[in-house]
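**Q** No letters, just coordinates:
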DNA sequence: CGGGGAATCTTGACACTGACTAGATTACTC
DNA sequence: GAGTAATCTAGTCAGTGTCAAGATTCCCCG
């Protein structure tokens, strides 16, 4: 934890991303300023550009990290419970637990959507999600029908978005995961 | 349609909002620049600020207009079909038909969320939506259970968001309304 | 162990932005 | 038709992203 005051910072990229996540979580992606991040890290105003190229490059790194974390979270829920409802809940849990990442990941205009690393991370998250919801999709409308999977994804994505933007009405459980479980059950629970 | 080159523009607010919608639809809300809009309208760089105060004021006006249009669209679908599935489809139809409005409406950090006009317009849209899906909510889990209504809202909102951000996989119907109908049916269709 | 190339960071500059103030011009009302 | 309000212009300021050139340090190869 030594804060060397040397010429070289030591781990600037990680520091910059971490600071960016703080800013995004508090004020949204549009409030991210490379110069401000540089100030927080105690380096010159152009240092971040050296590592990320430009603003879009920085947000690309954030998105890549986000898709990786999402893939991990979904795979973990799938492994632990094997229940597609819980995979959906994990999706919401990730969004609420990593609001800064989530706020960037689904706004391709903010970053370089054609970045190879990004495409790979995104594909990995997509696979985790699909694997988690596939049993539901199969039970609903045949093993190769995409509608049910899309409905599941849309539902949890929409719920997470509305929750994060503060557009949901009052009266819901304070724990977003529990609230999501109640709402997702409407779609996921099969009855008679 | 006379373009008077007089000192007074005539209808600057409407012109500015219209130009802003073009910019947002093409490059997102963060690409909106008051100076650019002023140039497009052929007025000085500070003229827009006179009407809207600042950037947030302009986007507040956009959001108010958007919630009004959404309320109208939902009420119209409800009146014409009386089917909650079609109200959900109309929600997606509005989002895809007015992407610029939609891109602003659910990002409160972009505008003045405490603006009275905005609150009123938002409440009106909320009522239209609730009225549209209330029958479904009642049929699903009792007349006063919010889960089903939230599930419906989350699903159509999530689908619209994913569609607009280009995150949905290929192979869907080219018409977003038709695609939405297929996906929403998974939730809305009651069987056995 | 030391020299040289590469990585990292600094400094300076440019065009652009939102926001503010003061003043010019036009419309509208009485 | 005069006076007031609405509308728009012009000038300025701090802040931003991005680029180019130079300074400093690390690290690997001889």
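**A** That came through fine. Everything quoted here is computed from the prediction, not taken from an experiment. Residues are numbered from 1 along each chain as shown, chains lettered A, B, ... in the order given.
**Q** Report the rounded mean pLDDT for the host helix or strand of residue A:148.
**A** Using DSSP states H and E, residue A:148 falls within helix A:146-164. Averaged across helix A:146-164, the pLDDT comes to 96.
**Q** now swap in stretch A:10-27 and tell me
**A** Stretch A:10-27 comes out at a mean pLDDT of 94.
**Q** Say whether DNA strand D is contacted by it.
**A** No. Stretch A:10-27 stays clear of DNA strand D (Cβ under 7 Å from any atom of the strand), getting no nearer than 8.5 Å. For glycine as for every other residue, the C-beta is placed from the backbone atoms N, C-alpha and C.
**Q** Just the buried positions in that stretch, please.
**A** Under the neighbour-count criterion of 16 or more other Cβ atoms under 10 Å in any protein chain shown, stretch A:10-27 has A:12, A:15, A:16, A:17, A:19, A:20, A:21, A:23, A:24 buried.
**Q** hmm, that stretch touching DNA strand C?
**A** Yes. Contact of stretch A:10-27 with DNA strand C (Cβ under 7 Å from any atom of the strand) involves A:10, A:12.
**Q** and that stretch, how far out from the chain's middle?
**A** Centre-to-centre, stretch A:10-27 and its host chain are 15 Å apart (Cα atoms, centre = their mean, to the nearest Å).
**Q** can you list contacts of it?
**A** Contact with stretch A:10-27 is made by A:4, A:9, A:31-33, A:36-38, A:40-41, A:43, A:47-48, A:51-52, A:58-59, A:61-62, A:65, A:99-101, A:103-104, B:109, as judged by Cβ atoms under 8 Å, 6 or more residues apart in numbering or on different chains.
**Q** repeat for stretch A:35-53
**A** Here stretch A:35-53 has contacts from A:9, A:12, A:13, A:15, A:16, A:19, A:20, A:23, A:34, A:58, A:60, A:61, using Cβ under 8 Å, 6+ apart.
**Q** Can you classify the first one as helix, strand or coil?
**A** Right, the one you point to is residue A:9. coil (DSSP: H, G, I helix; E, B strand; the rest coil).
**Q** And for it, nearest residue in space, chain neighbours not counted?
**A** residue A:43 (5.7 Å; Cβ to Cβ, 6 or more residues apart in numbering or on different chains).
**Q** one step back: could you tell me the angle between the very next helix or strand once past the helix holding residue A:148 and helix B:146-164?
**A** Downstream of helix A:146-164, the next assigned helix or strand under DSSP H and E is helix A:176-188. Angle between the axes of helix A:176-188 and helix B:146-164 is 90 degrees (criterion: axes from the mean of the first three to the mean of the last three Cα atoms, to 10 degrees).
**Q** Give me the neighbour count for the residue nearest to residue A:9.
**A** By other Cβ atoms under 10 Å in any protein chain shown, 18 other residues sit near residue A:43.
**Q** now do the same end-to-end measure for stretch A:39-59.
**A** End-to-end distance of stretch A:39-59 (Cα to Cα, to the nearest Å): 18 Å.
**Q** Lovely, talk soon.
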